Every structure is written in C-alpha cells, then in structure tokens.
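Trainee: requesting a structural model of the entry that follows:
(one chain, ligands or ions: 1)
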Amino acid sequence: MPISLSSTPMFSRIISQSSSRAFSTSSALLNRCIVYTQNGDPAQVLSAITYPKLPSPPPNTVNLKFLLSPINPADINTIEGVYPSRPKPTSNIATSGLGSQDQPVFVGGNEGLAQVVDVGEGVQGLENGDWVVMDQPQLGTWSTSRNVPFHGVIKLPASGLTEAHGATMTVNPTTAYNMLDGFVKLQEGDWVVQNGANSAVGQLVIQIAKERGLNTINFVRSRDDMGPLVTHLESLGATKVLTYDDLNDRSLRSKIKEWTGGQDIRLALNCVGGDPTTAMAKLLGQDSHLVSYGAMSKKPLSLPTSLHIFKNLTSHGFWQTNWSRTHSRTEKEELITKLAEMMKEGKLKAPEHTIITIGPQVSDEEATEKVRSIFAEMAEGKFRKKVLLKLEEPAACA
Ligand SMILES: NC(=O)c1ccc[n+]([C@@H]2O[C@H](COP(=O)([O-])OP(=O)(O)OC[C@H]3O[C@@H](n4cnc5c(N)ncnc54)[C@H](OP(=O)(O)O)[C@@H]3O)[C@@H](O)[C@H]2O)c1
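Mentor: Residues are numbered from 1 along each chain as shown. Just a heads-up that it's a prediction; the model follows:
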C-alpha cells in the first residue's frame, strides 16, 4: 500500500498548515512540488507538498525556478517503478525542506524549463535570468524551485523560444534527431518509415526528416475521424500517413514501391511494439535497421528470422538517457543549440499541448487532487495533447 504523506508527522504539519491557510497574495511565497514516497499508480501515490523558500545556493550550484514541465509517458513508468532511471530520494530538510531521513521523498518530473534565480560561488557560464534545461535525468522538475549542481543544466539561447519549446526540448527532439542521425547514413530523397507517428517524438521525426529532405511513411492508430490527424501530420511535412490497419492491405507493398520508385527503405522507427511493428519491419529493404524507442502498446516485438537472414536486418534499441550518458557536454550543448535554432526558425513546432496551472491560492490537498485527477484522465486516454505542468509558488499564510 502506498504510504500516505499526510500520515507522517512532517507532512501532516505541512499539509495541515496549507489546508487551513487563509491565503494572501501579498505575503511571502513558499515552494511546492509533486512527490511520492512509494512506487505505484500516479493517480494514487502522488501528493503536492509545500516547502520553504530555498536558502542561497551552496558553491557550484544554482537555484532554479521552474517555468513549465511536461508529463511524459516515461514519468508514469518511473512513478510506477518500472523505468530503469529513477530519482534519488530527497531527505535534506536543512537545505530544501523536502523529505526526512525517516521518510525520503521522490520528486517527480524528468524534463522541464527553468530560470536561474540565484547563482552559488564558483558557478561558471550562468547568471540570473538565464533559461536552462536539464542535463541530468530525474532532477525533480515538477517543482516551483530546486537547487541543482550547475553542471546539471544546459543554458538555452536568450530569446526566440517559447516556454513550451524549452520545456519539451531535451527528451523528444533529441531522440528524434539522434534516431534519424545515428543508425543509417541517409541521403536527401531517402525514405524512413515509423509507427506512433502522431506521438510527440513521431511528429518531431516528421519535421526533422522534412528539413533533411527525407520522405516519411507514417503509421498511426486508426480513429473515428482520421481527417484532422492526417491534415496535421501532412502540415508538419509527412509524405504519407497510413493506419496500422493499412499494414494488412496486400496492395500496400506495391503502393510503396510506386512511391519510393523501388528504392529500399533502410530505417524504421518503432514507438509501439506488437503486431504493427512486425508488419512494418517487413516493409524494410536490404541492410536495413529497425530502431525501437517506445513500447506504447505494451505488446512484445516479434521479428521473422527471415528478415535477419535474407535482408540482413539489424534491430536496435535507442534510449536518449544512454545517449546523454555516453556523449560529452559539448556534444549535448551542440545538439540543444541546433534544435533550438530549428525551433526559432519555425522548423520544429512545440508539441500540441495543454498547460495545467496549479496556482498560488490552491491548498496542497486541492493540488494533490488536481494532479491525481490529471493522471487518472491520462490513463483513460482523455488527453490527446502533451500535458505541461505550471506550478506556481503557493502564497504563505496571511
Ligand atoms: N527511448 C527514448 O529515449 C525515448 C525518448 C522519448 C520518448 N520515448 C518513448 O516514446 C514513446 C512516445 O513518447 P511521446 O512523449 O512522444 O508520447 P505521446 O506524445 O504521449 O504519444 C503517445 C503515442 O503512443 C500512442 N499510443 C498510446 N497508447 C497506445 C497503445 N495502446 N497502442 C498503440 N499506440 C499507443 C499514441 O497514439 P494514439 O494517439 O492513437 O493514442 C501516441 O501516438 C513513449 O513510449 C516514450 O516513453 C522514448
């Protein structure tokens, strides 16, 4: 059973203060974050807690104010405890007021846009007001403020980006870029096939491919009204948009041959797994590569042995976290700069999104209820757009 934060002495104190609080907009602001103490269903284990203002940052660290942070599918897996990258437990009351030795908390959120608000001694290359993104996983971005090592963040260009661009910069655009770049040497006019093409990653693949002069065949789940989705993906640059049902159409191969002029497709990107991926892999040509980065259907991937024997198919996995671990800071900064430039030039759109704001006048109980209901609705598939969390500092008691 998940531990209820409100049953522990420290949190009952914090929560009872906040629930009975008579708010005043003129009083000093506190901090708030979304935490859990035990893995489980986010709609049951997440809680909002209030914590004190951060003290001045220790040497080589910066205090950040988060502006906007997405809820990505991997965040849900992390809270469930089935994702390999986990946040460190926080138990440093002295510096942040979060957690205790007896009951450390995990602060949710892996990705986000923050502004530097205070700089510790020894910090280089960052000053107050800079926009930054995270260069370390699981820093706890569902917070109003955090203190982090300065080498744990990367500075964004000073202007020209929206908050939504910045908040969604480090996970999906980097993944899309690296998968198109890292497995096959593609030339202008080449073809790439992908499933989950309407996912945030898939939409970025479409846009980056278009920018590189590549053609894309994009598979999505069928839905009652396909028209708006097809129009949207085509407006991003999709060459062809099809559904997984089309993969069962015997005439599909000849259609594709016509589109490609008989050219082999050598790269397939897999977001979903299961039967649609098996069928998509069969569209690949000689010496091709299947790159799996998601498993949204939660179904295993099965590949005909003949594809390996006769077509020399190679099947890879890609994990951006691993790419980040194995690449230098300079390479990461170069990639972020490149993507930010594309965003500023309008070549990469921020994902369609819904911003959920948790404002200063909301009590921790109300915030907890709101956050849990978002996750419950996400599990029911009610959000078709990326959810971005905007946590505002809770007002202190009047
Ligand atoms: N390996 C990496 O480094 C890396 C990096 C970034 C993301 N990812 C992974 O990539 C995937 C997409 O992430 P995102 O942020 O782009 O997600 P997103 O924007 O929320 O999109 C989710 C996608 O999954 C599809 N989907 C949901 N449930 C499905 C099901 N039961 N069967 C088939 N398709 C289903 C959705 O299709 P509908 O619209 O039809 O529901 C949509 O296309 C996730 O698995 C994420 O963890 C991996």
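
Trainee: which positions in this protein make contact with the ligand?
Mentor: Within the chain, the positions adjacent to the ligand are 72-74, 171-172, 175, 196, 198-201, 221, 271-272, 293-294, 296-297, 318-320, 386 by C-beta under 6 Å from any ligand atom. C-betas here are computed from N, CA, C, even on glycine.

Trainee: work out for me the element residue 279 sits within.
Mentor: Per DSSP states H and E, residue 279 falls inside helix 274-281.

Trainee: can I have the buried ones of the residues of the chain next to the ligand as a ChimeraX selection?
Mentor: In ChimeraX, this line selects whichever of the residues of the chain next to the ligand come out buried by 16 or more other C-beta atoms under 10 Å:
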select :72,73,74,171,172,175,196,198,199,200,201,221,271,272,293,294,297,318,320,386
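
Trainee: can you flag which of the residues of the chain next to the ligand belong to strands?
Mentor: Taking DSSP state E, the ones among the residues of the chain next to the ligand that sit in strands are residue 386.

Trainee: so where's the stretch 151-300 of the chain uncertain?
Mentor: Of all residues in the stretch 151-300 of the chain, none has pLDDT under 70.

Trainee: which residues does the nearest residue to residue 120 once chain neighbours are set aside contact?
Mentor: Once flanking residues are discounted, residue 120 sits nearest to residue 57: 3.6 Å by C-beta to C-beta, 6 or more residues apart in numbering. Residues counted as contacts of residue 57 (C-beta atoms under 8 Å, 6 or more residues apart in numbering) are 63, 118, 119, 120, 123, 147.

Trainee: likewise for residue 33?
Mentor: 48, 49, 51, 98, 107, 108, 140, 142, 143, 144, 146, 391.

Trainee: could you redo the last one with a cut-off of 7 Å?
Mentor: If you count contacts by C-beta atoms under 7 Å, 6 or more residues apart in numbering, residue 33 has them with 49, 51, 107, 140, 142, 143, 144.

Trainee: CA-only coordinates of stretch 143-156, as CSV, when you get a sec.
Mentor: The C-alpha coordinates for stretch 143-156 follow below in CSV (Å, rounded to 0.1, in the frame of the first residue of the first chain):
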residue,chain,number,x,y,z
SER,A,143,8.6,21.8,-8.5
THR,A,144,8.5,25.5,-8.3
SER,A,145,12.2,25.7,-7.3
ARG,A,146,15.1,23.4,-6.9
ASN,A,147,18.8,23.7,-6.1
VAL,A,148,20.9,21.8,-8.6
PRO,A,149,24.6,21.5,-9.5
PHE,A,150,25.3,24.0,-12.2
HIS,A,151,26.8,21.2,-14.5
GLY,A,152,23.4,19.5,-14.3
VAL,A,153,21.8,22.1,-16.6
ILE,A,154,22.3,23.5,-20.1
LYS,A,155,21.7,27.1,-21.0
LEU,A,156,19.3,27.9,-23.8
